[in-house]
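Undergrad: I'll drop the sequence and a predicted model, then ask my questions.
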Amino acid sequence: MAGGVELSRLDKVFWPDAGLTKGDLIEYVKAVAPQFLRNLRNRPLTVIRFPDGVEGGSFYQKETPKYAPEWVSTVTLPADSGRGKRTEVRYTLCNDRRTLVWLANQAAIEFHPWLSRMDRLERPETLIMDVDPPPGRFDLAVRTALVVREVLSRHGLEGCAKTSGAKGVHVYVPLQRRHGYGAASGAAYALAREAAESEPDLVTVEFLKKERGGRVFLDATRIGPGKHVVAAYSPRARSGAPVSFPAADRRGRGPGRRIALRAQTWNVQRPTMRTPPPTTTDQSSPWRDTSTWSVLGRPASSPWRMTIEPGIPPSPRAAR
């Protein structure tokens with residue numbers, strides 16, 4: 001029993017190609033718990049569970065199971081309208097190490113929190129842009145992250161980045177939580193569109209793959225109530241057991257050129273549950289505690305002061 005959690009079937013293989021088991025998953029989340037929890041605490045959480053490992057079936061879990069221990073914190077929110085008959089969802093709040101271990105023991109491999117916290121649920125604390133390169137071109141994701149950095153700089157903004165744990169990069173911009181999801185979504189799309197206009201041969205905001213022409217898709221449609229992005233430090237259900245890992249230069253800023261060099265190294269040996277890079281304990285990184293981001297965002301340089309028209313991001317459903 002670990003911290004009051006009764007563990008089971010620890011030798012069950014979850015990543016066959018890496019030889020990693022359920023027990024390895026639990027040991028990993030325990031090791032990174034201080035950093036991991038800072039990115040999960042007080043956020044409605046969706047997990048993706050793989051009861052038979054990454055090569056077996058999986059399912060998204062928003063609703064906290066009825067059998068969850070009474071010490072698991074939850075919050076009940078209205079369900080996304082138009083999706084099923086459920087009117088409410090009782091989300092898990094992963095606020096402590098015990099809950100994190102319990103979820104891992106439930107075969108939760110991927111952790112996808114909201115972009116806002118319970119104290120101001122209607123106000124996201126970050127803009128996020130998902131840098132999605134063509135298959136096998138992680139180097140283009142790095143180049144695009146540098147373009148985004150230049151666009152942010154024009155508006156007096158700073159951001160930080162992490163590997164997605166899949167094929168790309170996530171760029172985050174801290175906010176002061178003064179605006180709702182609609183304004184944040186419009187501003188993110190405006191920034192993404194400006195990046196695409198700056199480097200049209202490299203970057204696109206076209207949702208349809210057939211329209212991208214081999215360019216990097218800068219996706220700004222991941223912002224909204226109930227939408228979620230995989231958390232920093234979360235494992236991914238992919239070959240090799242990769243993790244979504246923060247990138248930061250020594251100044252704690254990014255994505256910068258040192259990040260680019262490090263990210264290019266990741267293209268050869270990306271962070272995994274067994275080989276996380278040394279930034280895990282980097283106290284200079286803005287990822288050390290995202291709860292401080294509302295302080296890091298500067299009032300005079302918020303994206304709402306941009307003179308360009310934010311526009312409306314295209315709906316993924318409509319694009320399909």
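TA: Cool, got the structure. Residues are numbered from 1 along each chain as shown.
Undergrad: how about the helices in the chain?
TA: Using DSSP state H, the helices found in the chain span residues 22-31, 33-38, 97-105, 138-154, 181-198, 257-268, 293-296, 316-319.
Undergrad: out of the ones you listed, nearest to residue 60?
TA: helix 97-105 (13.3 Å; CB to CB). Backbone N, C-alpha and C define where each C-beta goes, glycine included.
Undergrad: residue 241 contacts residue 19, correct?
TA: No. Taking contacts as CB atoms under 8 Å, residue 241 lies outside contact range of residue 19: 9.3 Å.
Undergrad: the two: who's more crowded?
TA: residue 241 (25 against 11; other CB atoms under 10 Å).
Undergrad: quick one on the thing from earlier: make CSV out of the helices of the chain and add mean pLDDT and distance to residue 64.
TA: Shown next, in CSV, are these (pLDDT from 0 to 100; distance: least, CB to CB, whole Å):
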stretch, mean pLDDT, distance to residue 64
helix 22-31, 94, 18
helix 33-38, 92, 17
helix 97-105, 97, 10
helix 138-154, 90, 34
helix 181-198, 94, 23
helix 257-268, 35, 34
helix 293-296, 32, 27
helix 316-319, 38, 27
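Undergrad: nearest to residue 47, out of these?
TA: Going by CB to CB, the one of the helices of the chain nearest residue 47 is helix 97-105, 5.9 Å.
Undergrad: please enumerate the strands of this structure.
TA: 13-15, 20-21, 44-49, 59-61, 73-78, 88-93, 108-113, 126-132, 160-163, 169-174, 203-204, 216-219, 246-247 (DSSP state E).
Undergrad: worst average pLDDT in these?
TA: Note on those: lowest mean pLDDT is at strand 246-247, with a mean of 79.
Undergrad: may I have the distance across stretch 91-102, first residue to last?
TA: 15 Å (CA to CA, to the nearest Å).
Undergrad: count the neighbours of residue 201 for me.
TA: By the measure other CB under 10 Å, the count of residues near residue 201 is 8.
Undergrad: isn't it up against residue 216?
TA: No. Taking CB under 8 Å as the definition, residue 201 is not a contact partner of residue 216, at 10.3 Å.
Undergrad: report the contact partners of the residue nearest to residue 10 when sequence neighbours are not counted.
TA: Distance criterion CB to CB, 6 or more residues apart in numbering; nearest residue to residue 10, sequence neighbours excluded, is residue 23 at 3.4 Å. Residues in contact with residue 23 (CB atoms under 8 Å, 6 or more residues apart in numbering) are 7, 10, 11.
Undergrad: would you turn those into TSV with distance to residue 76 and pLDDT?
TA: Output for these, formatted as TSV (distance: CB to CB, whole Å; pLDDT from 0 to 100):
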residue	distance to residue 76	pLDDT
7	28	94
10	32	95
11	36	95
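Undergrad: among the residues you listed, name the buried ones.
TA: Buried by 16 or more other CB atoms under 10 Å: nothing, out of those.
Undergrad: which of those lies closest to residue 93?
TA: residue 7 (21.5 Å).
Undergrad: what's around the residue nearest to the closest one when sequence neighbours are not counted, how many residues?
TA: Computed as CB to CB, 6+ apart, the closest residue to residue 7 that is not its neighbour in sequence is residue 105, at 5.4 Å. Neighbourhood size, residue 105 [other CB under 10 Å]: 20.
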